[in-house]
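*Asks:* Mind looking at a prediction? Sequence and model below.
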Amino acid sequence: MKKVNTLIFSLISICLLGSCHKDNTYSLKDAAGFEVSNITGVMASESVYQNSAWPISEDAYSYFNCRYIKVDFDIRDEFLSSWPPSELKDDAYCLHVDVKDVDMYTSYGPIFYISHNTSYMYFDGMDATYRSKNKMPNKFIEMIKRDDKRVSNESGEIMNKTLELKIDSTEVEVSWLNNDSVTALKSLSKDGLNVNLEMYGGNEQFGSLGSLLPSSDINQTAIPGDIMLYQSDKIVLFYGSNKWSYTKLGHIILSQDELTNLLGNKDVTITLSSK
């Protein structure tokens with residue numbers, strides 16, 4: 001009997017100390033493979049049909065650190081299958097999370113969806129679709145919504161700054177657009193920003209900005225000289241043409257031959273600075 005009791009106690013200890021989930025809930029690390037400390041930025045949209053996005057406060061990151069359960073739920077079918085948008089289908093707040101120091105998220109981070117109808121948060125995790133055990137609090141949802149007054153104040157502080165661009169050691173003239181993406185890029189470049197670019201497709205060079213910027217992607221044709229934002233965190237310089245979904249940032253004032261000489265022979269490093 002003593003041996004049986006010892007065995008039972010050992011099994012219970014292993015379960016509690018190991019990977020068993022007694023209440024069938026999972027931490028963020030269990031489900032998604034990262035922790036709040038790995039989050040470097042979150043871009044939010046109020047709808048899956050909205051092509052603009054904006055950064056949310058770091059104070060909101062802690063809300064990702066909740067308990068999750070595995071669910072039989074198809075995010076694409078529930079949130080992304082209705083076009084045009086219909087009141088008969090659920091919609092969701094979209095949270096694009098930028099993650100550092102986790103190999104599985106080196107190219108892009110996970111997307112979390114908070115249902116408009118139920119306020120539960122969903123995402124496709126490492127081995128299943130997960131849902132927050134509890135509904136997301138209203139305070140978190142209010143932090144997600146775009147604060148136009150805050151954005152206006154922040155934009156006003158740097159709107160008079162100019163953004164300069166160097167390709168390797170060559171300073172080039174750029175006609176920058178006046179949009180939220182460029183304003184955020186100015187802020188990101190206030191202390192100087194170096195970005196290593198890679199040649200791609202025989203028509204462009206691209207590189208990671210290391211941060212998520214507001215975006216308003218539309219399908220458009222980039223022409224030689226265009227500077228585009230791709231997937232909110234990558235900058236693309238074109239010396240040829242390509243049609244894709246981008247947010248336009250500006251245009252380099254050089255001829256196509258001059259652009260090809262600068263961008264068409266080897267990978268380059270660009271330097272952005274706002275003054």
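*Replies:* That came through, no problem. Numbers count the residues shown, from 1 in each chain.
*Asks:* Name the SS class of Asp257, please.
*Replies:* Under DSSP: H, G, I helix; E, B strand; the rest coil, Asp257 falls in the helix class.
*Asks:* and it, how many neighbours?
*Replies:* 11 (other C-beta atoms under 10 Å). Any C-beta I mention is one placed from the backbone N, CA and C, and that applies to glycine too.
*Asks:* pLDDT below threshold where in the stretch 51-200 of the chain?
*Replies:* Where the stretch 51-200 of the chain drops to pLDDT under 70, the residues are 51, 81-88, 107, 147-160.
*Asks:* go again using 80 as the cut-off
*Replies:* Along the stretch 51-200 of the chain, the parts satisfying pLDDT under 80 run over 51-53, 80-89, 106-108, 146-161.
*Asks:* Break down it into its strands, ranges please.
*Replies:* Here the stretch 51-200 of the chain has its strands, by DSSP state E, counting those that start in this stretch, at 52-55, 68-71, 92-99, 111-115, 121-124, 129-132, 163-167, 170-172, 174-176, 193-196, 198-200.
*Asks:* Generate JSON lines for those, with distance to Asp217 and mean neighbour count as supplementary columns.
*Replies:* Output for the strands of the stretch 51-200 of the chain, formatted as JSON lines (distance: least, C-beta to C-beta, whole Å; neighbours: other C-beta atoms under 10 Å):
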{"stretch": "strand 52-55", "distance to Asp217": "8", "mean neighbour count": "22"}
{"stretch": "strand 68-71", "distance to Asp217": "29", "mean neighbour count": "18"}
{"stretch": "strand 92-99", "distance to Asp217": "12", "mean neighbour count": "22"}
{"stretch": "strand 111-115", "distance to Asp217": "14", "mean neighbour count": "22"}
{"stretch": "strand 121-124", "distance to Asp217": "21", "mean neighbour count": "22"}
{"stretch": "strand 129-132", "distance to Asp217": "25", "mean neighbour count": "21"}
{"stretch": "strand 163-167", "distance to Asp217": "20", "mean neighbour count": "18"}
{"stretch": "strand 170-172", "distance to Asp217": "25", "mean neighbour count": "13"}
{"stretch": "strand 174-176", "distance to Asp217": "18", "mean neighbour count": "16"}
{"stretch": "strand 193-196", "distance to Asp217": "19", "mean neighbour count": "15"}
{"stretch": "strand 198-200", "distance to Asp217": "18", "mean neighbour count": "13"}
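*Asks:* Could I get these in a markdown table, plus columns for distance to Ile144?
*Replies:* Formatted as a markdown table, the strands of the stretch 51-200 of the chain follow (distance: least, C-beta to C-beta, whole Å):
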| stretch | distance to Ile144 |
| --- | --- |
| strand 52-55 | 9 |
| strand 68-71 | 18 |
| strand 92-99 | 5 |
| strand 111-115 | 7 |
| strand 121-124 | 11 |
| strand 129-132 | 14 |
| strand 163-167 | 28 |
| strand 170-172 | 37 |
| strand 174-176 | 28 |
| strand 193-196 | 27 |
| strand 198-200 | 33 |
